[in-house]
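In: how would this look folded up:
(one chain, ligands or ions: 1)
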Amino acid sequence: MIDIKKAKKAFDEYVKDYNMSDKMIYLKYHHTYRVCEQSIKISKSLGLNEEDSNLSYLIALLHDIGRFEQEKRYGTFNDIKSMDHGAFGCKLLFEEGLIRKFIDDDKYDEIIRKAIYNHNKYSIDESLNERELMHAKIIRDIDKIDIIYNVVELGGIVLHDDDSAIGDAVKISFNNNKPIKKEDRVTKNDSVMIMFAFIFDLNYKYSYEYFLKNDFVNRMFSKLKNKEIFKEYVDKLNEYIERKCNDVRK
Ligand SMILES: [Fe+2]
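Out: Numbering: from 1, shown residues only. Predicted coordinates for the structure are as follows:
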């Protein structure tokens with residue numbers, strides 16, 4: 001059984017050891033609970049039963065558990081400069097046994113571990129079974145929704161564009177409707193393109209519709225200073241989202 005109340009209590013208890021007046025810790029704490037709220041909505045849209053719905057909530061609650069220690073140790077959320085926070089979260093939970101503070105039953109451990117491990121990877125490991133894959137896809141979608149929400153609504157993440165060109169590797173991924181690898185980022189504008197290209201990594205109708213309804217693409221675009229550089233990509237994304245909203249069944 002998944003006891004959400006107990007899990008939330010354990011999460012708040014865990015976070016107490018970190019400095020909430022540190023802006024990054026504060027942001028991550030609230031990001032977590034917003035992603036949890038999204039898990040309820042996306043689960044409903046997918047018609048999930050109570051068990052899978054609760055499981056998606058628990059995964060949302062724990063997906064960034066590695067972030068708190070990452071900020072404390074390294075003072076950054078940049079995985080390349082510090083550590084892979086997805087893998088580290090799994091180590092904390094499943095090697096050090098922290099998971100038992102959140103849920104007594106160990107029968108969901110593999111699903112939770114694989115979802116968290118894969119949530120921040122370029123792509124999902126191919127070995128996942130159908131249920132594991134669904135939970136990995138859910139967390140990836142709702143995490144991205146909240147990252148863009150943070151850009152357009154809260155301003156907690158700022159897009160720093162300049163007049164530099166967009167790199168070739170970045171353009172190739174984008175033009176093939178593929179997310180952009182962090183390693184391919186050379187210029188500041190490449191970082192902005194990574195955020196835009198999150199859209200190519202969405203899986204569910206709920207997510208495409210969320211982006212469309214909340215006008216995320218145009219609102220991100222409105223934050224940029226060098227609009228002419230991004231205009232063609234933004235137009236393409238708007239078309240892409242509309243098409244996906246029509247084509248994707250669930
Ligand atoms: Fe994360």
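In: can you give me the helices in this structure?
Out: In the chain, the helices defined using DSSP state H lie at 4-15, 23-45, 50-62, 65-74, 85-90, 109-118, 130-149, 168-175, 188-196, 205-213, 216-222, 227-247.
In: please name whichever of these is nearest to Leu159.
Out: Between Leu159 and these, the tightest spacing by CB to CB is seen for helix 188-196, at 5.1 Å. Quick note: C-beta positions are derived from backbone N, CA and C, even for glycine.
In: how far does that closest one sit from the chain's center?
Out: Helix 188-196 has its C-alpha centroid displaced from the chain centroid by 16 Å (CA atoms, centre = their mean, to the nearest Å).
In: buried sites along it?
Out: By neighbour count with 16 or more other CB atoms under 10 Å, helix 188-196 contains the buried residues Asn189, Asp190, Ser191, Val192, Met193, Ile194, Met195, Phe196.
In: which one of the residues you listed is nearest Asp52?
Out: Closest to Asp52 out of these is Met195 (29.2 Å), distances taken as CB to CB.
In: sorry, back to before: in TSV: the buried residues of helix 188-196, plus pLDDT and distance to Ile166.
Out: TSV is the format used below for those (pLDDT from 0 to 100; distance: CB to CB, whole Å):
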residue	pLDDT	distance to Ile166
Asn189	97	5
Asp190	97	6
Ser191	95	10
Val192	97	9
Met193	98	6
Ile194	96	11
Met195	96	13
Phe196	98	10
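In: how far away is the most centrally placed residue in the chain from the ion?
Out: Note on the chain: the residue nearest the mean C-alpha position is Asp143, at 2.5 Å, using CA atoms, centre = their mean. Taking CB to the ion, to the nearest Å as the measure, Asp143 and the ion are separated by 6 Å.
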